[in-house]
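>>> would you be able to build a 3D model of this:
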Amino acid sequence: MNKIFAFILILILPAYAYAGFPEGEKGYDLNKIEKSFKLPCSEIGNDQCLARVVAMGGCIYSFEINKGKENEDALKKSDEVLIALLDGNSLDINNMFENDGSIKNDIRSEVISRINSCREATKKAIPNLVKLPEGMEMTEERLESLTNTYPQYYLYMFEQMRNGK
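As a prediction, this is how the structure comes out:
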């Protein structure tokens, strides 16, 4: 009887799991991320690793917006984590681009797919990321469309930086 009671107790008590990146008082622990978060790049290839790291940056951007950060501050934090991940995995962001400055198609597809794994956070962040023109309402249809477009927008920012715009 005690075993059944213990089992039921385990099932109904809240459990806390700490997934994701280590955060301290000052936010993400960038040194710990750089030293600890290792991807199997030798097994899956650098392009797949780059795609995963860039997608994490895209999700963190949404997470930071949802924490109430302004766009510029959220993007800065996302970039800091991205750089820590790149450095920790010995990846060069320049390797994700074609000669014309566009992102390689296989990386683009992987990033889009992975950013969509944080779709709910993105959807929640969209109203704070997108300033609609005066008189235009954020309808559910528009919110869905913008949420679907977000991964492309995130990648577009990289292409614009790469091309010096």
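>>> secondary structure element holding Lys69?
Assigned by DSSP states H and E, Lys69 belongs to no helix or strand.
>>> who are the contact partners of the most centrally placed residue in the chain?
Nearest to the mean C-alpha position of the chain, by Cα atoms, centre = their mean, lies Cys59 at 2.0 Å. By Cβ atoms under 8 Å, 6 or more residues apart in numbering, the residues touching Cys59 are 114-115, 117-118, 121-122. Any C-beta I mention is one placed from the backbone N, CA and C, and that applies to glycine too.
>>> please work out how many residues are found near Asn116.
The local packing of Asn116 (other Cβ atoms under 10 Å) involves 16 other residues.
>>> name the helices or strands packed onto the helix ranked longest in the chain?
Secondary structure of the chain per DSSP state H: the longest helix is helix 140-162. Packing partners of helix 140-162 (3 or more Cβ pairs under 8 Å, 6 or more residues apart in numbering; DSSP states H and E): helix 46-66, helix 105-115, helix 119-129.
>>> reformat those helices as TSV; add mean pLDDT and distance to Met157.
As requested, the helices and strands packed on helix 140-162 are arranged in TSV below (pLDDT from 0 to 100; distance: least, Cβ to Cβ, whole Å):
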stretch	mean pLDDT	distance to Met157
helix 46-66	95	9
helix 105-115	96	12
helix 119-129	94	12
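>>> of all those, which lies closest to Leu75?
Set against Leu75 and scored by Cβ to Cβ, the helices and strands packed on helix 140-162 come closest in helix 46-66, at 5.9 Å.
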